[in-house]
Every structure is written in structure tokens, then in C-alpha cells.
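Trainee: Next input, structure requested:
(2 chains)
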There are 2 protein chains.
Amino acid sequence: MIVYSLKPPYYAVIFTSTVTNDLDGYEETANKMEELAKEQPGYLGIEYARSEVGITVSYWKDLNSITQWKNNIEHTAARELGRKKWYQKYQLRICKVEREYGFER
Amino acid sequence: MIVYSLKPPYYAVIFTSTVTNDLDGYEETANKMEELAKEQPGYLGIEYARSEVGITVSYWKDLNSITQWKNNIEHTAARELGRKKWYQKYQLRICKVEREYGFER
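Mentor: Prediction:
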């Protein structure tokens, strides 16, 4: 679940959120979106964690692949449902990854 | 704990990690580093979550403030301890945030 050794430059979408108490259908949709994202052109990987807030970082080849994923019909529908039901707040950031370093024991 | 409404361009450091079973001192040091980071020039905010992996995203004004924080003596010591004891693996990415969007219910 850690995405390793990509070769900058590439893009990251950082999505940080807090959720409501009405999480009916949330996990199912999140899993489905992850599977769907993996099939998209330019998809490089995804990392996520949740405690007080949830952080999902998805990695993409370029801005164009992010735009295509944003415009995907099923993804658009899931996002609308998210705003209607599941998300209390979120912040989404589009970033160019310039450097990276890794460590492994 | 969600960092809102910063004004791109600025920088994000995405730190994704898995930890060992020897977490003695980890949380104390992590909290101390968070407090210390907040005092650094160019610090804009921090977000974190942990489940299977931990993701910490810190936000900075520019590359220079990231370099200064990297070279901070206490931070350097904490990082060395992290590699010696706490981290199984990690990946660190330095990114330029180009755009951001927010939602609030």
C-alpha cells in the first residue's frame, strides 16, 4: 500500500476528508472507485489511511490523466454522492511531484 | 486537522510509512516534531492519518523552508532514530501544489 519508486516528475492528488455519520455505501463505493482508477490511463498508484481524517493520495502520469479521471462518468456520480451523503469536509490538492526518496529496512 | 485554503503555488511533503513492532518513544517524538515543525519559517500546516500505512502531509511555503526543516538538528536526530527503530519502510515525496479545491457541508 506504499507506492514505491516512481520517477519524477509526475502528479499526486492529495484528498483529505472528514466524514458524516451516514456512511452507508461509502466503503463499497470507495473500493469500486479504487478498482476503476487502476484501469485509467496514466494511473500510477494509490495510498490511503484514515484516523481522525482520511487521506488518499493517488498518483498520475500527468495533468491530462487527472482530468480524464475527474470526468469519468462513474467517478463523477460517486463524487456527487460523496458530497450529498458522506463527506463533512474535504480538501483536494493537485501537485507535481518533483523529487522522492525511499527507505526500506 | 484538514489544512484549508492555502494559496497555490506552495509545497507539500508526502511521507508514507509502515512501522515496526518497536514503537517505544515513537508517538512522543512524532508529537514533538509536529510542535517543532510549526515553529519553522515557511510552515503552512500538517495533516496525518494512520491505518495500514501512515500518511503525513506537511505544507510549506517553498523548497527552501523544506530544506531548512530537513536540516534542523532535532529533526535530523529524530529521523535517524526513525530509521534505526520505528520505520519498516517509507517513501517521501516533495511536491509543488498547483491547484486546490475545498468542500464544506
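Trainee: right, and residue A:96 touches residue B:95 too?
Mentor: Yes. Assessed by CB atoms under 8 Å, residue A:96 is found in contact with residue B:95 at 6.1 Å. C-beta coordinates here come from the backbone N, C-alpha and C atoms, glycine included.
Trainee: shared neighbours of these two, which are they?
Mentor: residue A:12 (CB atoms under 8 Å, 6 or more residues apart in numbering or on different chains).
Trainee: Please say which of those two ends up with more neighbours.
Mentor: residue B:95 (27 against 17; other CB atoms under 10 Å in any protein chain shown).
Trainee: tell me which residues in the lengthiest strand in chain A are buried?
Mentor: Criterion DSSP state E: the longest strand present in chain A is strand A:87-104. Neighbour-count burial for strand A:87-104 flags A:87, A:89, A:90, A:91, A:92, A:93, A:94, A:95, A:96, A:97, A:100 (criterion: 16 or more other CB atoms under 10 Å in any protein chain shown).
Trainee: Run through the residues you listed and flag the ones next to chain B.
Mentor: A:87, A:89, A:90, A:91, A:92, A:93, A:94, A:95, A:96, A:97, A:100 (CB under 8 Å from any CB of the partner chain).
Trainee: could those residues go into a markdown table alongside pLDDT?
Mentor: Listed next are these as a markdown table, based on pLDDT from 0 to 100:
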| residue | pLDDT |
| --- | --- |
| A:87 | 97 |
| A:89 | 97 |
| A:90 | 97 |
| A:91 | 97 |
| A:92 | 97 |
| A:93 | 98 |
| A:94 | 98 |
| A:95 | 98 |
| A:96 | 98 |
| A:97 | 98 |
| A:100 | 97 |
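Trainee: Out of those, which is nearest to residue B:34?
Mentor: residue A:91 (18.7 Å; CB to CB).
Trainee: what sits against residue A:20?
Mentor: Contacts of residue A:20 by CB under 8 Å, 6+ apart are A:85, A:86, A:87, A:88, B:105.
Trainee: Pop out the phi and psi values for it.
Mentor: Dihedral pair for residue A:20: phi -80, psi -170, per degrees, to the nearest 10.
Trainee: Need the residues that contact the host helix or strand of residue A:17.
Mentor: According to DSSP states H and E, residue A:17 maps onto strand A:10-19. Residues outside strand A:10-19 that contact it (CB under 8 Å, 6+ apart): A:26, A:44, A:52-63, A:65-66, A:86-97, B:1-3, B:12, B:14, B:47, B:57, B:93, B:95, B:97.
Trainee: Which SSE is immediately downstream of it?
Mentor: helix A:26-38.
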